[in-house]
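Undergrad: okay, here's the prediction I keep looking at, along with the sequence it came from:
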Amino acid sequence: MKFLFYLICCFSIAYPQTNKGINAAVVKKKNCECPKNKIKPLLSTPMSDSIKETSGLVFFEGLFWTHNDDHDTTLYGLDNSGKIKRKIKLNGVVNHDWEEITQDSSYLYIGDFGNNYSGNRKDLSILKIEKTSFLQEQPHIETITFSYSNQTDFSPLKPNKTAFDCEAFIVTKDSIYLFTKEWETTTTSLYALPNKTDHQVAQLQASWDCKGLITGATYLNAEKKIVLCGYTKRGSPFLYLLYDFEGNHFFSGSKKRINLKLRFHQIEGIATTDGNSFYLTNEAFVRKPFLKIPQQWHIVELKDQKKKN
């Protein structure tokens, strides 16, 4: 969703370092945290104007599926060069602010949990879409609604001030894990909720000072690795590799930050086919006359990035 990103990028507005509503201990940097480095994508190419607000990415049945984050209820299937090859509309649902898409073996999941405008949404939800019916273009959709366990104040805030925005999540065997996008502190908090329909309460697990705004996640279950994407308040995108964690305590292990050589790119989606090559999308970001960043498709190679100290 469009926001005050231009002012943040150009004038580096300083945010007070407070985080109302978060009472769990922030995960500190650990000795196992690996150093940062910087890489350039192997490929960056413009995408169709139909997906200017691409906001999530997942690989399923030979295509990368993405969606816009405002009003449009179509899922777009892309090939490995970012070209649209298929469109499937989800009828009977509303896109308030779709920010992420993920999957398990049987379902696709879309997170309608963008909450940056005033931080007081009470209709946060996750669409659970049965895969077989989806491919038949008659998707069977269930809805999981949720609230945050520690959000008690729903007074409206100014845009980009809340600690209860979210643009990244993953699904495990029986649970859903949310990674928040916390505007003032640039930390992320991990919440867990049961993978069950009807209303659930997302329980706070831990918080981590990631020094950025987390916008996407992909989970490599076999490798026990998570890759997060995001960007800083100055508009510099990055990836984080999380690995060697214990169970589902995803912040407990090693972390490696990889900065991307892409200035002022609002990276929103991330997916992989093999755990080595990762595919990223960024929303269009135009602020005339200074900036004109189109929606783009990027490929980065992370094969040799997991290095321990």
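TA: Looks like it came in fine.
Undergrad: avg pLDDT for the longest strand seen in the chain?
TA: Longest among the strand segments of the chain by residue count, using DSSP state E, is strand 198-208. What strand 198-208 shows for mean pLDDT is 97.
Undergrad: helices and strands around that strand, which ones?
TA: Other helices and strands packing on strand 198-208, by 3 or more Cβ pairs under 8 Å, 6 or more residues apart in numbering; DSSP states H and E, are strand 26-27, strand 141-148, strand 188-194. C-beta coordinates here come from the backbone N, C-alpha and C atoms, glycine included.
Undergrad: please enumerate the helices of this protein.
TA: Along the chain, counting by DSSP state H, helices occupy 5-11, 131-135.
Undergrad: now do the last one: which elements does it pack against?
TA: Taking 3+ Cβ pairs under 8 Å, 6+ apart as contact, the helices and strands that helix 131-135 lies on are strand 107-112.
Undergrad: try it again at 10 Å.
TA: Applying 3 or more Cβ pairs under 10 Å, 6 or more residues apart in numbering; DSSP states H and E, one finds that helix 131-135 contacts strand 54-60, strand 84-89, strand 107-112.
Undergrad: where's it relative to the chain centroid, distance-wise?
TA: Remark: helix 131-135 is offset 23 Å from the chain centroid, using Cα atoms, centre = their mean, to the nearest Å.
Undergrad: may I see the buried residues of that helix?
TA: For helix 131-135, burial by neighbour count (16 or more other Cβ atoms under 10 Å) applies to 131, 134.
Undergrad: what about residue 207, neighbour count?
TA: Number of residues near residue 207 (other Cβ atoms under 10 Å) recorded here: 23.
Undergrad: now residue 253
TA: For residue 253, the count of nearby residues is 18 (other Cβ under 10 Å).
Undergrad: what residue ranges in the stretch 201-309 of the chain score low on pLDDT?
TA: The model of the stretch 201-309 of the chain has pLDDT under 70 over residues 306-309.
Undergrad: what about 50?
TA: Across the stretch 201-309 of the chain, residues meeting the criterion (pLDDT under 50) sit at 308-309.
Undergrad: just the strands in it please.
TA: For the stretch 201-309 of the chain, applying DSSP state E, counting those that start in this stretch gives strands covering 213-220, 225-231, 237-243, 254-260, 267-272, 277-282, 285-287, 291-293, 296-301.
Undergrad: run the chain-centre distance for the last one.
TA: The chain centre lies 16 Å from the centre of strand 296-301; the measure is Cα atoms, centre = their mean.
Undergrad: could you do the second one as well?
TA: With Cα atoms, centre = their mean as the basis, the distance from the averaged C-alpha position of strand 225-231 to the chain average is 8 Å.
Undergrad: and that strand, which strands flank it?
TA: Strand 225-231 pairs in its sheet with strand 213-220 (antiparallel), strand 237-243 (antiparallel), by DSSP bridges.
Undergrad: take the strands of the stretch 201-309 of the chain and write them to CSV, including distance to residue 51.
TA: Formatted as CSV, those follow (distance: least, Cβ to Cβ, whole Å):
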stretch, distance to residue 51
strand 213-220, 15
strand 225-231, 17
strand 237-243, 18
strand 254-260, 20
strand 267-272, 10
strand 277-282, 8
strand 285-287, 14
strand 291-293, 14
strand 296-301, 10
